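Visitor: sequence and predicted model, in that order:
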Amino acid sequence: MVGTDDGLIQVTKDGGKSWSRVDNFPGAPERTYVNQIIASHHDKNVFYAAFNHHRYGDFHPYLYKSTDGGLSWSAIQNNLPARGSVYTIAEDPVSRDLLFAGTEFGVFFTVDGGQKWIQLKGGLPTVAVRDLAIQGRENDLVLATFGRGYYILDDYAPLRNLKKEDLAKEALILPVKDSWMFIESGLWGSTLKGFQGESFFTTENPKVGAVFTYYLKENIRTMKEKRKEMEKEKVKKGEPVSYPSADSLRMEDAQPEPFLILAVKDESGAMVRKLKAPAKKGLSRITWDFRYASPGPVNFNTPDPTNPYDQPETGYLAMPGTYTVSLSKFEDGKVTELVAPQPFTVKSLNAASMAAADKKALDQFCKKVSELRRATSAATEYKGELTNKIKYIKTAILNTAVAIPQVFDQVTTLEKRLAAVDIKMNGDASLSKREFETPPSINGRITTIESTLWTATSAPTQTALQSYEVASRQFDTVLPELKSVSEEIKKVEDTLEKNKAPYTPGRFPEWKEK
């Protein structure tokens, strides 16, 4: 079977000895260019054809299917955008009703043989998709776009399980593919091209982890968004639009933004990780990196993408096994489950040269290190807050009308005690900046354990085990000292308040009308 640029399809059933001309394509103008013909994977009599008439100023989509070996054709473009020429089509080798169409303005898919088409976005720009190919082993959809660009949709297999009736549900999680756990290597000395020079071409690999494909029927809209939508409808109908009341506006301003939560739990039902996602309609994806949440302090810093060393802290690796993932929504301050827990499996790639023989023991030690890291990092931040308080207190003392010199002495003593705590927690900065050798600090030991254990699947070394014991023992003495300093600072703050000193951070004001 061949298509020509004058709107014809020629069919042969004897290897080219004789041909039959087909020129009846419902809705297609005469001389419409036959852009592509493909044969079905499932039925030797089924073919698909994409026609293109943009050379004549006609940008309508023309897409056809034949079930009798190409002798007759029926249109299947249906709800494809009216202005968006079709260039290419691909059929899934597993599901006969799963089709992909490349158009002038992106790529679309259908799960019902072309009755309804849905656009695939996920980062794909508005660009002409000129060719499609399916990588069968990994179920990847490869797009060739106008302008010599290539895009890959990794593992579209979940679309095979998406049924027409599923799209009517409020939400769903599509079956999760078995996930292979491994530690991604950095071959170039850093992320992406590392230090190979700007002309060295690289592109990102898919994120390592379990990939969750989920569906939300409608956007979860705020009261403000709902009001604006209602006002637009009134304007369209020519109806008057009333200004909202003050109480309504206050409620809109106070309402938190909605979002989705994908909760990962282990076989025992214990929470492993909660992933936050936008509450936007359609099919979406998110990747769990096989790790627990970071034990470090909460911060809202955004890593610098141009700095390969500016990487957020991560948690330790979970163990291979069976997990579940559920989908919930956060709306109006409440969390409501949308999709019950769905099972999935995490498998080890078994590529480690020194894999831990006792994975349970490794997991337990990682938990201990993570908890120690959580506590010590919190103590470090708290120590910083106390140091900051003292900075304000010293200035407040100078600006207080009443003379309280004894407080200055107390603050100076507390400042020295915090400095001693800082040396134990973070090392002697005064000596280290002058290149003197200094004993390992508590945080230094924990960071070293994390940097090796978090990026390996081997058992902890004896050095790591001993270092943990030392850090844990040292921290047992630091924490009470930090608490004692905090209590003393509270007494100083009480004295400042009684003497009507200017406000300092963390101090609750007292006031009584005379």
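Guide: Here it is on my side, so go on. Numbering: from 1, shown residues only.

Visitor: which SSE is the residue found closest to residue 41 once you drop the neighbours it is linked to in the chain in?
Guide: Residue nearest to residue 41 in three dimensions, not counting chain neighbours: residue 93, with 4.5 Å by Cβ to Cβ, 6 or more residues apart in numbering. (Glycine included, C-beta is placed from N, CA and C.) Using DSSP states H and E, residue 93 sits in no helix or strand.

Visitor: wait, doesn't residue 93 sit right on residue 39?
Guide: No. Contact criterion Cβ atoms under 8 Å: residue 93 and residue 39 do not qualify, at 11.6 Å.

Visitor: that older thread, count of residues packed around the residue nearest to residue 41?
Guide: Applying other Cβ atoms under 10 Å, we find 13 residues neighbouring residue 93.

Visitor: now it: how far from residue 139?
Guide: 9 Å (Cβ to Cβ, to the nearest Å).

Visitor: what of residue 397?
Guide: In terms of Cβ to Cβ, residue 397 sits 69 Å off from residue 139.

Visitor: and those two? Which one has more around it.
Guide: residue 397 (22 against 19).

Visitor: please name every helix or strand in contact with the helix or strand containing the more buried one.
Guide: Here residue 397 sits within helix 359-398, counting by DSSP H and E. The helices and strands touching helix 359-398, judged by 3 or more Cβ pairs under 8 Å, 6 or more residues apart in numbering; DSSP states H and E, are helix 405-426, helix 442-453, helix 462-498.

Visitor: so which of the ones you listed is nearest residue 176?
Guide: helix 442-453 (27.0 Å; Cβ to Cβ).

Visitor: how about that closest one: buried residues?
Guide: Using 16 or more other Cβ atoms under 10 Å as the test for burial, helix 442-453 gives 442-447, 449-450, 453.

Visitor: format these as TSV; extra columns: distance to residue 373 and pLDDT.
Guide: TSV is the format used below for those (distance: Cβ to Cβ, whole Å; pLDDT from 0 to 100):
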residue	distance to residue 373	pLDDT
442	10	97
443	9	96
444	12	95
445	10	96
446	5	97
447	8	95
449	9	96
450	6	94
453	11	91
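
Visitor: tell me the one among those nearest to residue 278.
Guide: Taking the buried residues of helix 442-453 together and measuring to residue 278 by Cβ to Cβ, the closest member is residue 450, at 30.6 Å.

Visitor: residues near residue 304, how many?
Guide: Quick note: residue 304 (other Cβ under 10 Å) scores 10 neighbours.

Visitor: I'd say it and residue 311 touch.
Guide: No. When contacts are counted by Cβ under 8 Å, residue 304 is not listed as touching residue 311 (9.8 Å).

Visitor: so what's residue 105 up against?
Guide: Applying Cβ atoms under 8 Å, 6 or more residues apart in numbering to residue 105 gives the contacts 81, 83-84, 126-128.

Visitor: where does the protein have low pLDDT?
Guide: 187-192, 351-354, 514 (pLDDT under 70).

Visitor: how is it carved up into domains?
Guide: Following automatic domain parsing, one gets these domains for the chain: 2-156, 169-220+258-351, 359-498.

Visitor: need those in TSV with distance to residue 240, can you?
Guide: As requested, the domains of the chain are exported to TSV (distance: least, Cβ to Cβ, whole Å):
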stretch	distance to residue 240
domain 2-156	34
domain 169-220+258-351	27
domain 359-498	54
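
Visitor: so residue 387 makes contact with residue 418?
Guide: Yes. The criterion here is Cβ under 8 Å, and residue 387 meets it with residue 418 at 5.6 Å.

Visitor: quick one: which of the two has more around it?
Guide: Legend: neighbour count by other Cβ under 10 Å for residue 387 and residue 418, higher for residue 418 (21 against 16).

Visitor: mind naming the longest strand for this protein?
Guide: strand 334-348 (DSSP state E).

Visitor: list the buried ones in that strand?
Guide: Buried residues in strand 334-348, counted by 16+ other Cβ under 10 Å: 338-339, 341-342, 344, 346.

Visitor: residues in contact with the helix or strand hosting residue 431?
Guide: Assigned by DSSP H and E, residue 431 belongs to helix 429-432. Applying Cβ under 8 Å, 6+ apart, the contact partners of helix 429-432 are 422, 437-438.
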